[in-house]
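Participant: Prediction below, plus the sequence it came from.
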Amino acid sequence: MSAAVVIANRSRSSPTLGEIVDSIIGTNMVHAGAPANSPLDLLQEAARVAKLAFVHSNEAALIEVHDALRRLYDIQLSPAHSAEAAHQFNPMLMALRAEIEQLWIAHELRDISPPSPRHGEVANVIRKSWADHPSFNHEIFDFMEHHASREQILLYFRCDYALNMRFYDLIALACVAVGEEAKTEVVANLWDEVGCGNPAKSHVRLYQAVLDYIGSTESRSDHLALLGWEGLAGYNLLMHFALARRQQYRYIGALAITELADPDQYGKLLRGCLRTGIGANKPGVLDYYEDHVTIDALHGDGWIENVIEPAIRLRPTFAAEVMEGAIARMNSTKRYWDWLLKQMKSM
């Protein structure tokens, strides 16, 4: 079930948390009267929906709460003169976000029992955890390589929009308050994100070229509306880790998995594209994914050696948090790929 379906089916006399967020900002006049409720009422409603989502696994509540979180996180990266930017530190919105996060992050970490590697052991421990996790060699990439139709692979491109178009900002946030050794590696990642100084090769532009090629005319909100709660939750997890200073160690662990996983997975995706003729009549249209096959193979090792190892050397007691972030990221990607594969097979 997608966010759009749940919101459309919600009683129009009862705004969703996401609609309340938009009403407070002033970007949604459908429920402009919603913020008249007291802050206490709003927090109680958020707690109620979050409990339904994370304690009772209610599908509609999971969509509602992750749709609201996505809107709340996007405020923090909004354009300077937008309505959203004026509400960056709105006390009601900050309290709403904290109310949801409290239950959500406890839920995400509840069943994770991470190893606590010592300095020098991180590479082996992370790689073993990744290789042992159900997200490793996920069926969706074998399916796209060998069996998926052209239309099924195009759905993957459209659903991958949220993180791909935001990834530069996510890497930039990893630069904040880290040591010089780590900054060098993070900036190397950023340099690749901007095409090593060539605007035509920036990863945002390369990914937009993919969308243009497949004839996608959807706006950002349309792409996000395609996602089930699993896709929104994966986006929100990285955004939360990136924006919350207390989550820095979990964040660098989560990004390590992203860098390690992309090369093999994207290699299978590209072979599926070749099999179905995607990009055959326009060389270079798949450069976004081809770049990640080669570049991320280097970044995975560099991230572990130059970002994570120095962090653990300096603060060895936080090694378990690095692993928690890595495992939480693996869990969220598995849920997303399970959902997306199901969507593909139902086409």
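Facilitator: Arrived safely, thanks for sending.
Participant: From the contact counts, what lies against the longest helix along the chain?
Facilitator: The longest helix of the chain (DSSP state H) is helix 248-276. Counting contacts by 3 or more Cβ pairs under 8 Å, 6 or more residues apart in numbering; DSSP states H and E, helix 248-276 is packed against helix 122-132, helix 139-146, helix 150-159, helix 229-243, helix 287-303, helix 319-345. Any C-beta I mention is one placed from the backbone N, CA and C, and that applies to glycine too.
Participant: For the stretch 151-300 of the chain, give me the ranges with low pLDDT.
Facilitator: 296-298 (pLDDT under 70).
Participant: what about Y207, neighbour count?
Facilitator: 19 (other Cβ atoms under 10 Å).
Participant: what about it, distance to F157?
Facilitator: 9 Å (Cβ to Cβ, to the nearest Å).
Participant: cool, A50 as well?
Facilitator: 32 Å.
Participant: can you pull the buried residues of stretch 311-327?
Facilitator: A311, I312, F318, A319, A320, E321, V322, M323, E324, G325, A326, I327 (16 or more other Cβ atoms under 10 Å).
Participant: ok, now stretch 61-71?
Facilitator: Buried-residue list, stretch 61-71, by 16+ other Cβ under 10 Å: A61, L62, I63, E64, V65, H66, D67, A68, L69, R70, R71.
Participant: Likewise for stretch 118-132?
Facilitator: Neighbour-count burial for stretch 118-132 [16+ other Cβ under 10 Å]: V122, A123, V125, I126, R127, S129, W130.
Participant: who's in contact with the last one?
Facilitator: I take that to be W130. F136, I257, L260, A261, A326, M330 (Cβ atoms under 8 Å, 6 or more residues apart in numbering).
Participant: Looking at per-residue confidence, what score does it get?
Facilitator: Confidence at W130, expressed as pLDDT, is 92.
Participant: CA atoms of stretch 203-218 as CSV?
Facilitator: The C-alpha trace of stretch 203-218 is given here as CSV (Å, rounded to 0.1, in the frame of the first residue of the first chain):
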residue,chain,number,x,y,z
HIS,A,203,25.1,12.2,-10.0
VAL,A,204,21.9,14.2,-9.6
ARG,A,205,22.1,15.1,-13.3
LEU,A,206,23.0,11.5,-14.3
TYR,A,207,20.0,10.1,-12.4
GLN,A,208,17.7,12.8,-13.9
ALA,A,209,19.0,11.6,-17.3
VAL,A,210,17.7,8.1,-16.4
LEU,A,211,14.3,9.5,-15.5
ASP,A,212,14.1,11.6,-18.7
TYR,A,213,15.0,8.5,-20.8
ILE,A,214,12.2,6.4,-19.3
GLY,A,215,9.8,9.3,-19.8
SER,A,216,9.1,9.9,-16.2
THR,A,217,7.2,13.2,-15.8
GLU,A,218,6.4,12.8,-12.1
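Participant: these two touch, right, V187 and C175?
Facilitator: Yes: using Cβ atoms under 8 Å, V187 is in contact with C175, at 6.9 Å.
Participant: what's the domain layout of the protein?
Facilitator: Listed by automatic domain parsing, the domain ranges of the chain are 3-109, 122-345.
Participant: which stretch among these comes nearest P115?
Facilitator: With respect to P115, and counting by Cβ to Cβ, the nearest of the domains of the chain is domain 122-345 at 5.4 Å.
Participant: so what's V307 up against?
Facilitator: A174, V178, E181, A182, E185, V186, I252, L255, A256.
Participant: Kindly recompute the last result at 7 Å.
Facilitator: Contacts for V307 (Cβ atoms under 7 Å, 6 or more residues apart in numbering) come out as A182, E185, V186, I252.
Participant: Kindly report the same for W303.
Facilitator: E185, L255, A256, E259.
Participant: Looking at the contacts of V307, which two lie furthest apart in space?
Facilitator: Of all pairs in the contacts of V307, the most separated under Cβ to Cβ is E185 and I252 at 10.1 Å.
Participant: Those two: which is more packed in?
Facilitator: I252 (25 against 21).
Participant: which one of the contacts of V307 is nearest S57?
Facilitator: I252 (29.4 Å).
Participant: follow-up on the earlier one: from the buried residues of stretch 61-71, pick the one nearest G197.
Facilitator: R70 (31.6 Å).
Participant: In this structure that closest one contacts Y235, no?
Facilitator: Yes: using Cβ atoms under 7 Å, R70 makes contact with Y235 at a distance of 6.2 Å.
Participant: Name the nearest residue to E45, sequence neighbours excluded.
Facilitator: L17 (7.1 Å; Cβ to Cβ, 6 or more residues apart in numbering).
Participant: what's the neighbour count on the one you found?
Facilitator: L17: 25 neighbours (other Cβ under 10 Å).
Participant: Could you do H147 as well?
Facilitator: With other Cβ under 10 Å as criterion, H147 counts 12.
Participant: ditto for the one 3 residues further on
Facilitator: Residues lying near R150 (other Cβ under 10 Å) number 13.
Participant: dump the residue contacts of it.
Facilitator: Contacts of R150 (Cβ under 7 Å, 6+ apart): T276, G277, I278.
Participant: Can you flag the buried ones in the residues you listed?
Facilitator: For the contacts of R150, buried by 16+ other Cβ under 10 Å: T276, I278.
Participant: Just send the contacts of R150 back as a markdown table, with distance to S149 too.
Facilitator: Putting those into a markdown table (distance: Cβ to Cβ, whole Å) gives the following:
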| residue | distance to S149 |
| --- | --- |
| T276 | 7 |
| G277 | 11 |
| I278 | 11 |
